[in-house]
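Enquirer: 3D model of this:
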Amino acid sequence: MRVVDYQKDTSTNLPYQLIRGVGMVAGVFSLVVCILIIANNLSVKKTDPIHSPALQRLIEELKTNPKDESLREEIRDLDMIARRAFFSAQRFNRTGIYLLVGGLVVMIVCFKTMEAYKSLPPYPDSSDPKDDLVENATWARKAVMAVGLMLVGFALMIALPWESTLDLPEGDLTQSLPPAPGEDTAPKSEPAAPEPAAPPAPAPKTAVAAAPIAIPEERLKNWPSLFGPQSRISTATGLPAAWDGASGEGIKWKTAVPLPGFSSPIFWNGKLFVTGGDENTHEVYCLDAESGAIIWQKKVENVPGAPTTPPDVSPDTGFASGTMVTDGARVFAIFANGDLAAFDLDGNPVWAKSVGTPNNPYGYASSLAIHEDIVIVQFD
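Expert: Residues are numbered from 1 along each chain as shown. As a prediction, this is how the structure comes out:
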């Protein structure tokens with residue numbers, strides 16, 4: 001005997017309606033996110049903020065007037081805005097993809113749950129009703145349409161350019177900009193161009209910039225960076241293999257550095273260079289390698305563009321974790337707030353600039369590197 005409620009319509013039940021509503025909302029949400037991702041990519045492709053006409057026009061103006069510092073600042077500001085817009089669009093794409101995948105997963109789970117919710121156990125006799133062909137066809141059309149829309153969205157996203165547009169076809173921005181006044185633009189094998197005439201300015205920057213870079217043989221006699229001239233390989237012999245701070249075993253001298261720091265010292269021609277700092281003060285120290293006496297200490301302060309608020313740093317990194325580097329004529333130091341500074345070996349300041357505040361909850365601890373006359377900064 002057949003039970004009367006056996007074929008009761010479950011589509012009117014509250015749980016079924018709730019699951020159906022969540023699935024439909026997830027489907028609409030996924031479709032909207034897909035459309036927004038496509039629109040975002042089309043907008044970036046159309047506007048191309050990195051290679052904006054306004055920025056290129058300013059660069060061309062600077063080529064005709066290379067001494068205009070206000071124009072340089074305007075170019076830097078516009079370039080920063082353009083790059084922020086570009087990377088914001090990339091972050092939007094990544095977030096959108098996560099949301100799209102999440103919405104699709106929720107929709108599929110809801111629809112599969114609906115299908116299982118409506119399924120009926122087999123009849124106890126052989127008089128099974130025929131399948132509802134109309135209902136099945138309607139469901140199939142809806143499923144095909146939904147999947148088709150999603151596939152179209154994915155196809156459009158794949159078809160759009162995902163490669164970075166930061167590369168300049170004519171060379172990067174630094175190559176396209178004319179040099180700042182006082183910088184030597186002539187090749188090393190040729191004399192500097194006679195125009196414009198170089199002013200007789202004996203400033204430390206000009207004098208130090210003209211200093212010769214250390215030859216490889218001289219670098220091998222020193223320790224100019226964190227890992228040394230041969231990347232953690234030393235040819236020195238007769239070095240102590242054990243040290244004991246309490247008894248003094250293996251220790252020649254001790255010197256208290258005024259400010260804390262986790263950076264390692266570098267060595268050049270009898271001098272040690274190391275950094276120290278806290279949230280208020282950043283300093284560079286030069287010590288006599290033979291006696292440990294502090295030869296000079298210099299503050300890195302009043303850096304153009306430096307943040308007014310110190311960043312949050314981890315206790316095991318602090319504000320002076322990056323090891324310095326030297327080319328034999330200058331020493332370079334970086335701190336957790338992004339201050340990058342150069343001094344000559346006598347402690348005279350050469351230049352200082354801010355590379356921005358790193359967005360890192362653990363603080364900044366990368367050490368500098370150098371190649372010929374280029375300082376390399378790993379920064380994020």
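Enquirer: Please, where are all the strands along the stretch 151-300 of the chain?
Expert: In the stretch 151-300 of the chain, the strands defined using DSSP state E, counting those that start in this stretch lie at 266-268, 271-277, 282-288, 294-299.
Enquirer: Who are the packing partners of the third one?
Expert: Counting contacts by 3 or more C-beta pairs under 8 Å, 6 or more residues apart in numbering; DSSP states H and E, the secondary-structure elements packed against strand 282-288 are strand 271-277, strand 294-299, strand 330-334, strand 339-344. Yep, even glycine has a C-beta here, placed from its N, CA and C like the rest.
Enquirer: Likewise for the first one?
Expert: Under the contact definition 3+ C-beta pairs under 8 Å, 6+ apart, strand 266-268 sits against strand 271-277, strand 325-326.
Enquirer: that older thread, could the strands of the stretch 151-300 of the chain go into a markdown table alongside distance to K63 and mean neighbour count?
Expert: Output for the strands of the stretch 151-300 of the chain, formatted as a markdown table (distance: least, C-beta to C-beta, whole Å; neighbours: other C-beta atoms under 10 Å):
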| stretch | distance to K63 | mean neighbour count |
| --- | --- | --- |
| strand 266-268 | 38 | 21 |
| strand 271-277 | 38 | 23 |
| strand 282-288 | 36 | 22 |
| strand 294-299 | 36 | 15 |
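Enquirer: E73 is nearest to which of these?
Expert: Nearest to E73, of all those, is strand 282-288, at 24.0 Å by C-beta to C-beta.
Enquirer: follow-up on the earlier one: how about the strands of the stretch 151-300 of the chain, which one is nearest P53?
Expert: Proximity to P53 (C-beta to C-beta) singles out strand 282-288 among the strands of the stretch 151-300 of the chain, at 39.9 Å.
Enquirer: can you list the domains in the protein?
Expert: When the chain is parsed with automatic domain parsing, its domains come out as 4-121+132-159, 207-232+247-380.
Enquirer: Tell me which of the ones you listed is the most buried.
Expert: Comparing those by mean neighbour count (mean count of other C-beta atoms under 10 Å), domain 207-232+247-380 comes out on top with a mean of 17.
Enquirer: isn't M107 right up against G23?
Expert: Yes - in this structure, M107 is within contact of G23 by C-beta atoms under 8 Å, at 5.2 Å.
Enquirer: circling back: which stretch among the strands of the stretch 151-300 of the chain approaches D346 most closely?
Expert: strand 294-299 (7.3 Å).
Enquirer: quick one: the closest one to strand 330-334, angle?
Expert: Calculated by axes from the mean of the first three to the mean of the last three C-alpha atoms, to 10 degrees, strand 294-299 forms an angle of 50 degrees with strand 330-334.
Enquirer: Kindly list the longest helix within this structure.
Expert: In the chain, taking DSSP state H as the definition, the longest helix is helix 69-118.
Enquirer: Which other helices and strands does that one contact?
Expert: Secondary-structure packing of helix 69-118 (3+ C-beta pairs under 8 Å, 6+ apart): helix 14-47, helix 53-64, helix 133-159.
Enquirer: go again using 6 Å as the cut-off
Expert: Judged by 3 or more C-beta pairs under 6 Å, 6 or more residues apart in numbering; DSSP states H and E, helix 69-118 is in contact with helix 14-47, helix 53-64.
Enquirer: Lowest mean pLDDT across those helices, which one is that?
Expert: Lowest mean pLDDT within the helices and strands packed on helix 69-118: helix 53-64, at a mean of 82.
Enquirer: for that helix, packing partners?
Expert: Applying 3+ C-beta pairs under 6 Å, 6+ apart, one finds that helix 53-64 contacts helix 69-118.
Enquirer: What mean pLDDT does the helix it packs on get?
Expert: Averaging pLDDT along helix 69-118 gives 84.
Enquirer: Stretch 282-301 now?
Expert: The pLDDT scores in stretch 282-301 average 95.
Enquirer: Next up, the contacts around the closest residue to F29 other than its chain neighbours.
Expert: If the residues on either side of it in the chain are set aside, F29 comes closest to G103, at 4.6 Å by C-beta to C-beta, 6 or more residues apart in numbering. With contact taken as C-beta atoms under 6 Å, 6 or more residues apart in numbering, G103 is in contact with A26, F29, S30.
Enquirer: Could you list the low-confidence segments of the stretch 201-350 of the chain?
Expert: 201-214 (pLDDT under 70).
Enquirer: how much space between T317 and V257?
Expert: 16 Å (C-beta to C-beta, to the nearest Å).
Enquirer: Only the C-alpha atoms, please, for stretch 104-118, written as CSV.
Expert: This file holds the C-alpha atoms of stretch 104-118, laid out as CSV (Å, rounded to 0.1, in the frame of the first residue of the first chain):
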residue,chain,number,x,y,z
LEU,A,104,30.9,29.1,-7.3
VAL,A,105,31.7,26.6,-4.6
VAL,A,106,28.8,27.8,-2.5
MET,A,107,26.4,27.7,-5.5
ILE,A,108,27.4,24.2,-6.6
VAL,A,109,27.1,22.9,-3.0
CYS,A,110,23.7,24.4,-2.6
PHE,A,111,22.4,23.0,-5.9
LYS,A,112,23.7,19.6,-5.2
THR,A,113,22.1,19.7,-1.8
MET,A,114,18.8,20.7,-3.4
GLU,A,115,19.0,17.7,-5.8
ALA,A,116,19.7,15.4,-2.9
TYR,A,117,16.9,17.0,-0.9
LYS,A,118,14.4,16.3,-3.6
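Enquirer: quick one on the thing from earlier: tell me the gap between the longest helix of the chain and the middle of its chain.
Expert: The chain centre lies 17 Å from the centre of helix 69-118; the measure is C-alpha atoms, centre = their mean, to the nearest Å.
Enquirer: and if you look at stretch 365-380?
Expert: Distance of stretch 365-380 from the chain centroid (C-alpha atoms, centre = their mean) equals 14 Å.
Enquirer: OK, contacts around the nearest residue to P349 once chain neighbours are set aside?
Expert: Counting by C-beta to C-beta, 6+ apart, F343 is the residue found nearest to P349 once chain neighbours are left out, at 5.7 Å. Contact analysis of F343 by C-beta under 6 Å, 6+ apart lists K298, V331, P349.
Enquirer: Kind regards, and thank you for your time.
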